[in-house]
Every structure is written in C-alpha cells, then in structure tokens.
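In: Coordinates for the following, if possible.
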Amino acid sequence: MIWHLLRYLFSFSIPSFYRRIQIKNLHYLKNNQPAIIVSNHPNAFMDPTLFSYLTYPPRVRYMARGDAFKPGLITKILQSIGIVPIFRMQDAGVEGVKKNNESFKVVFDLLKKNKKVMIFAEGICIQEKRLRPIKKGVSRLIFAAQQEMTPKDILIIPIGFNYSNPSQIGSDMFVNVGEPFTVQNKMKEYEQNPNPTMLYMMNELYQKMLPLTINIQNPQNDEIFEKARTVLNFELLKQKKINANQLKHIFVVEKELSELINAASKHKAEQFKVFSEKINSIFDLIQKHKIHIPTLYKYQSNKIILFLETILHTIIYLIYSTVYFFVVAWMFIPYFLSKQLTKKISPSIE
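Out: Got it, this is the predicted structure:
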C-alpha cells in the first residue's frame, strides 16, 4: 500500500526535479528471472527511488543500512516499501553482522519468487563521480544466494548511476545497465576455496561496473573535470555527430574525457597543467559573461533561426517559470519536513 502510494507520488515529483532521466539497456531488467542488481551509490535514497520510477515493472527490492531500522513504526514503513536491512561491521559490530543471516534469508525467499534485489556494492553513499571498492559482503551474498537457488541461475546485473549534479534541480540522471552474467561456473571453486573466489568476484564486479560510471580517479581532478565537461561537451558531441539530447551519448563523451584527465594527470603532468589552465580561463569567461555554448554555435551558423528560437524559448520559459513556482511551493513543505526528520533519525551525514 505505502509503496504503491509513493510510486504514484514519485511519478509526479521526480520529473519536476530532474531535467532529463534516461536509462540504457532497460530490456536486461524486463524478465521473470531472479536477479541481484549491483550498483554504485552516489545519491542516497534518490538512487532506489529513481530506479523504481524508471524500471517498474518489475518492482525491485533494496538492501539498505541496518542502523536505519529503528524499532517501531520506522522499521514497519521501511519493510513495507521493500527495503531489506544489511549491517556493516563499523555500524553494528559482530552482533549486527550476524543479523545479516536473517536478511540473507529474506533475499533468498524473494529470489525464489523470481524477484529482483538491489545491493549498493560500495557500502557507502558519497556524492562523487568515482567508483569505490566493492564490499566483500556483496560477493558473499551472491554466492550464498546461488547455493540456495541451485540448479536455477541467478542473474547478476551491474549498473551505474550517473548524475550531472545529484542535488541540483534541473540536472540530468542517467542509469547505465550492464550485461547480466551468472556465477554458476564459479560455484565449485567457491565451495573449495571461498575466500579467494569471493575476492575474485569483488574484482570482477568492479571491472564490470567501471565502464558503466564516470570515474575520476584523483579527487583533486573533480573540479577540472566539471569545468572541462561544461566547456568541451558540446564540441565533442558535434565532432562525433551524436545527439546531445541522448544522455547515453553525453555519457560516452564524458567517459572519454574522464579517462583522458585520469591518464594525463598521471603520465603527462606538464601538458595536464597547461590543459587545466586553459580550461579554467575559458570557464571563467563563460561564467563571467553567462555564455550558453550551444547557443553560441547556433549564432555562428544561422542568426535568423536563432532569433526565432529565442522568441519561442522566451515564451516557453515564462510558462515554465510560472509552473516551476507552483511546483516548488507544493514541494517545499514535504521537503522541509523530511529534511528535519532525516536530521533526527540519521546517525551521520552519510
């Protein structure tokens, strides 16, 4: 009941917050097979919310930090919307981790009914464009579930959440779904040598998730990446002759840009310094003069079309601004109340 009510609410509120929400390879999820979905976790409760919005049906269940399950009403609400607790050593100690056996049984029962369960593989939520190491508990769950389900295969589906700016209204969100795989061929090896096999799976998952996400290796390069994508994205999309309205195309360009920055900062420090200085200089000009780069390109090509588009966009903007004002007013009270409630029940900023 609560879950269905929230789903309908999200179908109105989510599109009013994010400008574009797109998913690639949705067909990998549209089946009646049991699956463990393994993802990164850059945006807290918004990750499962957006995923449910994009993929329903099927209805996906989620594993979340066990310390959020407070006795009483909160636990009942979380369980009713399909959240299964999972405990980390640093939060709950040995006793808490033992409770994971109960959670695993819940997951096994869901998989036996051909349901899909998502686990956030990094074990932490931080708003950054970086894939953190996979937690050992993820591979333990995968192998334990496959043991329980043998001889039936469980699909392991890696995905990547990619936000242009997670907390900013009007930003973009792109879900990149990777190709499913199974671990049936690794079960014998797991039964004979569980620890090495789990370590292998952690690395395997990381390698499968890495191409699905933007990954800035050095946090010191986060700022230059954001500036470079602002300055260069449109030109790179134009050079490749791909559609700027498709987030999967923007992802291709930004992935290449991130890999270039990673490689240059490591191996070509002098060239990277020059590149950074030029990007900073151009970015400062863009900000100072409030330049919209796609509009600049259109002005160079056809001034009459640009003039007509400007009139049309002005009319649309006035209508949008009016609607936006009422949407923000409508969302403010639930946003404010939920923010205050979160501060009271959450043990950390994470």
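In: ok, now which ones touch Pro57?
Out: Pro57 sits next to no residue when contact means C-beta atoms under 8 Å, 6 or more residues apart in numbering. C-beta here means a position set from N, CA and C on the backbone, and glycine is covered the same way.
In: give me the element it is part of.
Out: Per DSSP states H and E, Pro57 falls between elements, in no helix or strand.
In: again, but for Val84
Out: Val84 belongs to strand 83-86, assigned by DSSP H and E.
In: how far does that strand sit from the chain's center?
Out: 19 Å (C-alpha atoms, centre = their mean, to the nearest Å).
In: got the residue ranges for the helices in the chain?
Out: 2-17, 46-55, 73-80, 89-98, 100-112, 136-149, 187-192, 194-209, 222-240, 247-267, 269-289, 293-301, 303-345 (DSSP state H).
In: among those, which is nearest Asn32?
Out: Among the helices of the chain, the nearest to Asn32 by C-beta to C-beta is helix 100-112 (12.2 Å).
In: one step back: can you redo the helices of the chain as TSV with distance to Arg65 and mean neighbour count?
Out: Shown next, in TSV, are the helices of the chain (distance: least, C-beta to C-beta, whole Å; neighbours: other C-beta atoms under 10 Å):
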stretch	distance to Arg65	mean neighbour count
helix 2-17	19	14
helix 46-55	12	20
helix 73-80	10	13
helix 89-98	7	13
helix 100-112	11	16
helix 136-149	12	20
helix 187-192	26	14
helix 194-209	19	16
helix 222-240	25	17
helix 247-267	28	17
helix 269-289	37	13
helix 293-301	40	12
helix 303-345	12	11
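In: Tell me which of these lies nearest to Phe120.
Out: By C-beta to C-beta (comparing all of the helices of the chain), the closest turns out to be helix 46-55, at 7.2 Å.
In: which residues touch that closest one?
Out: 7, 10-11, 14, 18, 21, 23, 26, 29, 39, 41, 59-60, 62, 64, 83, 118, 120, 125, 159, 161, 166, 173, 175.
In: same thing with stretch 159-166?
Out: Contacts for stretch 159-166 (C-beta under 8 Å, 6+ apart): 37-43, 46-47, 50-51, 127, 129, 131, 171-178, 209, 212-214, 247, 251.
In: Same question for stretch 280-291.
Out: By C-beta under 8 Å, 6+ apart, stretch 280-291 touches Ile224, Lys227, Thr230, Val231, Ile293.
In: what about 6 Å?
Out: Defining contact as C-beta atoms under 6 Å, 6 or more residues apart in numbering, one finds that stretch 280-291 is touched by Lys227, Val231.
In: Just the mean pLDDT for it, thanks.
Out: Mean per-residue pLDDT for stretch 280-291: 89.
In: How about stretch 11-20?
Out: 83.
In: roughly how far is it from the heart of the chain?
Out: That offset, for stretch 11-20, works out to 16 Å (C-alpha atoms, centre = their mean).
In: likewise stretch 23-33?
Out: On C-alpha atoms, centre = their mean, the centre of stretch 23-33 falls 16 Å from that of its chain.
In: that older thread, please write out the alpha-carbon positions of the strand holding Val84 in CSV.
Out: In CSV, the C-alpha atoms belonging to strand 83-86 read as follows (Å, rounded to 0.1, in the frame of the first residue of the first chain):
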residue,chain,number,x,y,z
ILE,A,83,13.8,-2.4,2.0
VAL,A,84,15.9,-5.2,3.5
PRO,A,85,18.4,-4.3,6.2
ILE,A,86,22.1,-5.1,5.9
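In: So for that strand, mean pLDDT?
Out: 90.
In: How about residues contacting it?
Out: Tyr62, Met63, Ala64, Gly66, Phe69, Asn100, Ser103, Val106.
In: ok, now how distant is the fourth one from Phe45?
Out: Read that as Gly66. Note on Gly66: its distance to Phe45, by C-beta to C-beta, to the nearest Å, is 15 Å.
In: higher neighbour count, those two?
Out: Gly66 (18 against 14; other C-beta atoms under 10 Å).
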